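Q: prediction below, plus the sequence it came from.
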Amino acid sequence: MIPLESVNHRVPHTPLNARSMTVRAVLLLAGLSSPAFGQFRDWDTGNGMWSNALNWTPNGLPLSTETARIGVHAGAANTEVDLDMNDTVAGLQITDGMLLDLNALQLVVSGNTTISGLNTVNFIDYPSILRVRPSPAATEFSTGNLTLSNQAEFRTVLEPIAQVSGLCTIDATSSINAGGVINFTSNGATALRNEGSIRSSISSLTLNQLGTGAFDLDGTSGGGIIAMNLSSGSDFAVNATELNDPFSGHIFMASESRLVMNLDQPWEADASSEIDVSYIFVNPYGPSRLEGAPVTLSGSVNVNGSNAALRILAETTVGPSAQFSVGLGDVLRFEGDTTVYGGSFDVGAGGVINFEGPTLMNAGDFQTDGDSFADGGIAFIGPTDWSGTVSINGAARQNGLATVTAATVINAAEFDMDGGGGAAATTWNINNNLVINADRIDESLPGLNNRFDGTLNIAGGFIARLIVNLPGAEDDWYMNGEMNLTGDAAFFVSRVGGSSMYCNGELTLVSGRAQIDADSLISSSATVDIGPASAILRMNAGSYFYPGTYNGSGTLQNGPNGSMRLTNGVNLDQIGVVNQGSLSIIPDTFALVDRFAQTEDGTFRVSLGGDAPGVEHDLLIVTDGTAALDGTIAVTLTNLGTVQFYPQTGDEFIIISADDGVVGSFDNVPMTVIDDLTFHWTVLYNAFNVTLRLESVVPACPGDVNGDGIVSGADLSVLLAQFGQSIEQWSDADLNGDGLVSGADLSVMLANFGNQC
């Protein structure tokens, strides 16, 4: 189809047809008057000027009480009528491919206007058209009802002003292709019903609701079209109270176009709607924009083209049925308040979806081109409120402030928790349960994988917790920023779980009782602050504490399921230690704690590799309070790198020193089995220290776990209590030394069952 504006509408001016000329000549020669005045005045020629009375039948210009009909005569088809005077008529009809050009003048239709029809001649389309141009008048065209049908068009050049006081109806084949302003003053139920298309031209188009009649932008069929795709930079604005129903039609937006819905009430693009954003020129232009009243997007939004971009500045709700597609290198930006209740988001290679305004994430399924942000991804840049389950088959990142207000699960290949490259400004306020199931929690860059550099604030009743689940058993994540925990005053609440955590940053228990259920390593570069004296940080999994900076006066507790190791001369300063699980000092060093207590379920594990306390064998130094003892003690002999250490009978080793004294005792008398020898110990409880003394060394009796001299049911009970557990190599129940209490150990015991030792 040849573009309509390229046709010099329509053909050169032609004279009045011969029959009309003859009739008029005969009438004049006979001295007869013109035909009787009637209701209609019809154009009866081809191209011509409105003010030529001979172009109308009956002869004479249309009166203000008449309807001007253009296109009802056989000779009036596919040609142009030019308005060359301001005029008023009672009605206007344009048909049969005719064009009426108002030529920067004013036409008032006090009644109704009907435009209908299209002709095709030699492959050229001639729709029936009314074309309006700007003039000095306040309003260039006004009418009662305006009806467009059968591929008719209402067009403007530049930005004139038109007014419709009745109902404007556009059928499925017809269109308004305009710039400027159209005012709708109807007080009926509906002022505009668009079954076809409304297109803004090179300039902007504004629809104003000045009466009570509402706008139906998609028609009763729901197939109406709003288009800003005729050129770059066109705007389409709607100023109204509200739409009369959700929009189900199609919206087209070219580069730098704007759709501004200035409504008093929110509006919805429902599940049947479609918004397409693209560039129509080779050179890149600026982004398109959706602005105005709050909008619910429940249909499809497609941003596809070379460097296409859409900025959504309006407050936005994304419905569960919404579908977003962002193409190769394209960008979709949510810049206003955004609430996402679901929907699917598909991002092509190099494409990006940015949530830049305050965002509430309740649900959603995201698909990016690859597993790295370099391949395209999702960026949460504004303050983000997490609540629900979000799946990201690809890469996403969180910058700025993130708050978890309800139970949340984030499933992702790559979920960069602290933004691109590690952003210390990223803060998570975790006030509910947050589970992150991801291949990695940082960008896939050397040295950055699974490193968090921001701030984690974990607090909120009994349910606030961070669980990071990385896929491999050996996968760890690095807490290089700040982790601030707030517990409960009376009960332990779990705050961290999942994969192992390496803490190289700051770990602070602000107050209360909090628990870490993930295996943890506190490095020598870390700072640990266990707040006031009432604060208790319980480690309920494997934990290593290296010399770092330790502040506060609270308590570090090794929980019932904990296996805690104090390493390399760690000094907890004013922090006390309570052991409910397995506590050891990494072989042959010392550790300083403010106060120490072991409960009846705890085990204190001591390693001896020589005679020098704190150098060749373990030593726990309690610097201020007492050492309150209960539970059990286990002793192992180790090799410091030269030869296996074998103490002699009568040798003594100070293993605990307490300035405020020792209270209580261990429940057992320890023994050590190594190299077919059994070492029997005595524990000496002195006023200010605890000492191990070797009483005897006898040949080992495999299976005599409790050292009572006989392999019996008592030993079997000990073994079965630990059956299936992965434990330290010095456990008495690990008879074959493979680190696991298993059927192999049971076989050793049963082979010696009943033997005297």
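A: Received, thanks.

Q: low-confidence ranges in this protein?
A: Low-confidence segments of the chain, defined by pLDDT under 70: 1-38, 229-232, 279-285, 420-424, 444-448, 473-474, 726-732, 737-739, 757.

Q: tell me where it has helices.
A: Secondary structure of the chain, counting by DSSP state H: helices at 18-29, 713-721, 743-751.

Q: test my guess that F247 contacts E268.
A: Yes. Using Cβ atoms under 8 Å, F247 makes contact with E268 at a distance of 6.6 Å. (Each C-beta comes from the backbone N, C-alpha and C, glycine too.)

Q: in terms of neighbours, single out the busier of those two.
A: F247 (26 against 19; other Cβ atoms under 10 Å).

Q: name whatever forms a beta bridge with that one.
A: Judged by DSSP bridges, the bridge partners of F247 are A269.

Q: so what's it up against?
A: 217-218, 224, 267-270, 273 (Cβ atoms under 8 Å, 6 or more residues apart in numbering).

Q: likewise for Q515?
A: Contacts of Q515 by Cβ under 8 Å, 6+ apart are 487, 492-495, 537-540, 559.

Q: now swap in S128 and tell me
A: Contacts of S128 (Cβ under 8 Å, 6+ apart): 71, 94-99, 115-118, 150-153.

Q: same thing with L572?
A: For L572, the contact set (Cβ under 8 Å, 6+ apart) comprises 545, 550, 556, 591-594.

Q: could the residues you listed be laid out in CSV, adding neighbour count and distance to L107?
A: Output for these, formatted as CSV (neighbours: other Cβ atoms under 10 Å; distance: Cβ to Cβ, whole Å):
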residue, neighbour count, distance to L107
F545, 26, 88
Y550, 23, 87
L556, 27, 88
A591, 26, 96
L592, 21, 97
V593, 26, 95
D594, 21, 94
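
Q: neighbouring contacts of stretch 311-322?
A: Stretch 311-322 is contacted by residues 261, 266, 271, 287-301, 332-344, 363-364 when judged by Cβ under 8 Å, 6+ apart.

Q: switch the cut-off to 6 Å
A: Stretch 311-322 has contacts (Cβ atoms under 6 Å, 6 or more residues apart in numbering) with 271, 287, 289-292, 294-298, 333-343.

Q: whichever of the contacts of Q515 end up buried, select them in PyMOL.
A: Buried members of the contacts of Q515, defined by 16 or more other Cβ atoms under 10 Å, are picked up in PyMOL with:
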select buried, resi 487+492+493+494+495+537+538+539+540+559
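
Q: nearest to L507, of the contacts of Q515?
A: Lowest distance from L507 to those (Cβ to Cβ) belongs to L537, with 8.1 Å.

Q: can you pull up the bridge partners for that closest one?
A: Under the criterion used here (DSSP bridges), L537 is bridged to A514, L556.

Q: I figured it was touching I530, is that so?
A: Yes. Counting by Cβ atoms under 6 Å, L537 sits close enough to I530 to count as a contact (5.1 Å).

Q: hey, what's in contact with both of those two?
A: Contacts common to L537 and I530, judged by Cβ under 6 Å, 6+ apart, are L509.

Q: how about the contacts made by A271?
A: A271 touches 298-299, 321, counting by Cβ under 6 Å, 6+ apart.

Q: what's D346 in contact with, if anything?
A: 325, 367.

Q: before we move on, back to that, any chance of the contacts of F247 in JSON lines, with distance to F141 too?
A: Compiled in JSON lines, the contacts of F247 are given as follows (distance: Cβ to Cβ, whole Å):
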{"residue": "L217", "distance to F141": "21"}
{"residue": "D218", "distance to F141": "25"}
{"residue": "G224", "distance to F141": "22"}
{"residue": "W267", "distance to F141": "28"}
{"residue": "E268", "distance to F141": "32"}
{"residue": "A269", "distance to F141": "30"}
{"residue": "D270", "distance to F141": "33"}
{"residue": "S273", "distance to F141": "31"}
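
Q: just these now: which is nearest D517?
A: Proximity to D517 was ranked across the contacts of F247 by Cβ to Cβ; first place goes to E268, at 44.3 Å.

Q: max pairwise distance over the contacts of S128: which two?
A: L99 and N150, at 15.0 Å, using Cβ to Cβ across those.

Q: higher neighbour count, these two?
A: Legend: neighbour count by other Cβ under 10 Å for L99 and N150, higher for L99 (26 against 15).

Q: mind listing the strands for the stretch 301-450 of the chain?
A: Along the stretch 301-450 of the chain, the stretches classed as strands by DSSP state E, counting those that start in this stretch are 309-312, 316-318, 323-326, 331-334, 338-347, 352-355, 359-367, 377-380, 384-398, 401-416, 427-430, 433-440.

Q: give me whichever of those is most buried.
A: strand 377-380 (a mean of 26; mean count of other Cβ atoms under 10 Å).

Q: pull out the CA atoms of that one and give them to me as CSV.
A: Output of strand 377-380 as CSV, limited to C-alpha atoms (Å, rounded to 0.1, in the frame of the first residue of the first chain):
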residue,chain,number,x,y,z
GLY,A,377,19.9,-10.2,33.6
ILE,A,378,17.5,-8.8,36.2
ALA,A,379,18.5,-5.9,38.5
PHE,A,380,16.7,-4.9,41.6
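
Q: given it, what are its sheet partners and their directions?
A: Checking strand 377-380 against DSSP bridges gives partners strand 352-355 (parallel), strand 384-398 (parallel).

Q: dump the ones you listed into JSON lines; add distance to N752 as well.
A: Shown next, in JSON lines, are the strands paired with strand 377-380 (distance: least, Cβ to Cβ, whole Å):
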{"stretch": "strand 352-355", "distance to N752": "67"}
{"stretch": "strand 384-398", "distance to N752": "55"}
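
Q: check contacts around N480.
A: 451, 453, 504-505.

Q: ok, so of those residues, who is nearest A104?
A: When the contacts of N480 are compared against A104 (criterion: Cβ to Cβ), the nearest one is D453, at 64.4 Å.

Q: thought that closest one was touching G481?
A: Yes. Under the criterion of Cβ under 6 Å, D453 makes contact with G481 at 4.7 Å.
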